[in-house]
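[1] starting from these lines, generate the structure:
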Amino acid sequence: MNFPLFRKCETFDFEKLFKRKGYAYFKNGAYNLNIIGIRSNNNNRVTNEFDDILVVTYNVPNGKTKRFVAFITTEPGLYYIKEKLLNPRGTSILVPAQYRGCWQIAKHQGKYKALCQKKPVRVYRDNNRDEIYDMNPKTIETGIFGINIHRSCEFGESTKVNKWSAGCQVFRRAEDFDSFMRLCEQQANRYGNSFTYTLINETDLL
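    Model (predicted):
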């Protein structure tokens, strides 16, 4: 786990970064969530660890700003990189960008509520089965690929990504995921079942 990145995300000014990138940053109303994934800089190595970060910034009804931070993975696990390609063109790796209204609360694999993809996103395709994530712009595809935001194990926490992600954004700890979904329910109750997710790189925080 990348604890220095976690600590940096606890205080980093994402609003300023989003303004510089031309991304939307939501400040109007309570529980209007900014859901942000930060991909750890590991020189594209497959660590098979939950070493990326998910941050949610939002206002509560009294106007105070809150922040939620948790360990996730934004990349597929070793199993789907080396052992089993679900697509002959390669395993999906979400391209960093802001994806407006691309997720909704629905059942992940028909099992439990999560944020499930409902509009097209962009992914790299990695098909050479080594332990390096190949993020080649020439392989980018756009579509609905089931890139969901969900948890790993039902209880406790997972130490390795392995089969938990074939390109999804996946929480390490079940408790963190449950807290995240409670925030999402608050937003859905107020603004409808549509969620924006922004994926950036650790280098964007420099």
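[2] show residues contacting the lengthiest strand in the chain.
    Longest strand in the chain, counting residues (DSSP state E): strand 97-108. The contact list for strand 97-108 (Cβ atoms under 8 Å, 6 or more residues apart in numbering) reads 18, 21, 23-24, 113-122, 148-150, 181, 184-185, 188, 193-199. Yep, even glycine has a C-beta here, placed from its N, CA and C like the rest.
[3] which of these are buried, as a PyMOL select command?
    Typed into PyMOL, the line below selects the buried ones among these, using 16 or more other Cβ atoms under 10 Å:
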select buried, resi 18+23+114+115+116+117+121+122+148+149+150+181+184+188+193+195+196+197+198+199
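[4] quick one: which of the contacts of strand 97-108 sit in strands?
    113-117, 121-122, 149-150, 195-199.
[5] which single one of the residues you listed is nearest to V46?
    Nearest to V46 out of these is L199 (Cβ to Cβ; 17.7 Å).
[6] tell me what the closest one is bridged to.
    Counting by DSSP bridges, L199 is bridged to G37, A97.
[7] so it makes contact with T74?
    Yes - L199 lies in contact with T74 (Cβ atoms under 8 Å); the separation is 6.1 Å.
[8] between these two, which contacts overlap?
    What both L199 and T74 touch, as defined by Cβ under 8 Å, 6+ apart, is the set 37, 39, 94, 169.
[9] and the helix ranked longest in the chain, what's buried?
    If each helix of the chain is counted by residues according to DSSP state H, the longest one is helix 174-191. Going by neighbour count (16+ other Cβ under 10 Å), the buried part of helix 174-191 is 174, 176-177, 180-181, 183-184, 186-188.
[10] now do that helix against strand 112-117, angle only.
    Between helix 174-191 and strand 112-117, the angle formed by their directions is 60 degrees, by axes from the mean of the first three to the mean of the last three Cα atoms, to 10 degrees.
[11] what about the residue of the chain most remote from its centre, distance to Y31?
    In the chain, the residue that sits farthest from the middle, by Cα atoms, centre = their mean, is N62; the gap is 27.9 Å. Taking Cβ to Cβ, to the nearest Å as the measure, N62 falls 12 Å from Y31.
[12] and what of S158?
    From S158 over to Y31 (counting by Cβ to Cβ), the distance is 28 Å.
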